[in-house]
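A.B. asks: no sequence for this one, just the structure:
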């Protein structure tokens with residue numbers, strides 16, 4: 001269906017429901033972690049629980065441990081399956097501009113007024129949201145088609161002050177790769193590069209991924 005044949009709400013809902021998420025039976029998993037920050041290398045273990053809690057062990061450097069925990073938790077949170085109505089039931093949607101590449105702007109009103117998205121090929125290619133006192137803008141450039149929904153592959157993110165529009169920190173570029181373990185797609189590698197010259201490249205490698213036993 002094209003944008004002209006659907007309401008803005010249904011058009012956006014289709015892309016929202018096309019995201020890859022874990023089902024309610026997801027048991028959690030363990031993995032070995034290698035974290036590279038510039039010339040530094042840290043290794044340890046990660047456990048993501050069925051409740052999507054994240055636990056990092058074997059890493060003594062607190063900053064490195066915090067970085068690994070933050071990325072693992074962020075990835076897990078984005079795999080949570082929440083219905084469209086749970087997430088956007090109090091929002092309204094309207095069509096905005098259409099880009100030359102076919103990306104259609106969706107303007108949000110209601111509870112999340114001020115947010116906006118772009119949808120291209122039934123995938124969300126732009127997120128512009130007010131979160132925790134900042135505005136985050138994420139452009140997605142490529143994705144993985146899992147056959148059960150899409151996962152972002154290459155994308156960037158930048159934060160701005162919602163009142164002044166001033167950029168907060170550098171723009172970060174991400175590249176994510178996944179592997180299928182026991183029926184679930186799980187992140188096995190993430191590279192983060194910042195346009196802030198003071199920030200070294202970061203690489204997170206998750207290996208020996210094993211699902212926890214069902215309880």
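C.D. replies: Perfect, I can see it now. Owing to the predicted nature of the structure, the values given are computational and were not obtained by experimental measurement.
A.B. asks: in this protein, which spans are helices?
C.D. replies: Taking DSSP state H to define them, one finds helices in the chain at 8-16, 62-78, 84-88.
A.B. asks: how about the ones you listed, which one is nearest residue 183?
C.D. replies: Closest to residue 183 of these is helix 62-78 (CB to CB; 16.6 Å). (Each C-beta comes from the backbone N, C-alpha and C, glycine too.)
A.B. asks: Quick one: closest of the helices of the chain to residue 210.
C.D. replies: Closest to residue 210 of these, according to CB to CB: helix 62-78, at 14.9 Å.
A.B. asks: quick one: contacts of that closest one?
C.D. replies: 33, 35, 37, 40, 42, 44, 46, 48, 52, 54-56, 59, 187, 190, 202, 204 (CB atoms under 8 Å, 6 or more residues apart in numbering).
A.B. asks: Now the buried members of the residues you listed.
C.D. replies: Buried members of those, scored by 16 or more other CB atoms under 10 Å, are 33, 35, 37, 42, 44, 46, 48, 52, 54, 56, 59, 187, 190, 202, 204.
A.B. asks: Just the ones of the contacts of helix 62-78 in strands?
C.D. replies: Among the contacts of helix 62-78, the ones falling in strands (DSSP state E) are 33, 35, 37, 40, 42, 44, 46, 48, 54-56, 187, 190, 202, 204.
A.B. asks: okay, which residue is most central for this protein?
C.D. replies: residue 78 (5.4 Å; CA atoms, centre = their mean).
A.B. asks: Now do that one against residue 64, distance only.
C.D. replies: 22 Å (CB to CB, to the nearest Å).
A.B. asks: what does residue 97 give?
C.D. replies: 43 Å.
A.B. asks: cool, residue 47 as well?
C.D. replies: 17 Å.
A.B. asks: More neighbours: which of these two?
C.D. replies: residue 64 (21 against 15; other CB atoms under 10 Å).
A.B. asks: beta partners for residue 118?
C.D. replies: Bridge pairing for residue 118 (DSSP bridges) gives the partners residue 105, residue 126.
A.B. asks: Surely it is in contact with residue 103?
C.D. replies: Yes: shown here, residue 118 and residue 103 form a contact pair, counting by CB atoms under 8 Å, at 4.3 Å.
A.B. asks: got the contact list for the nearest residue to residue 98 once chain neighbours are set aside?
C.D. replies: Distance criterion CB to CB, 6 or more residues apart in numbering; nearest residue to residue 98, sequence neighbours excluded, is residue 104 at 5.2 Å. Residues in contact with residue 104 (CB under 8 Å, 6+ apart) are 3, 11, 95, 96, 98, 118, 119, 120.
A.B. asks: Test for you: state the pLDDT assigned to the third one.
C.D. replies: When you say that, I think you mean residue 95. Predicted confidence (pLDDT) for residue 95: 96.
A.B. asks: what's the spacing between the nearest residue to it once chain neighbours are set aside and residue 119?
C.D. replies: Distances taken as CB to CB, 6+ apart put residue 8 closest to residue 95, at 4.8 Å, once the chain neighbours are dropped. Going from residue 8 to residue 119 by CB to CB gives 10 Å.
A.B. asks: What of residue 180?
C.D. replies: Taking CB to CB, one finds residue 180 at 26 Å from residue 119.
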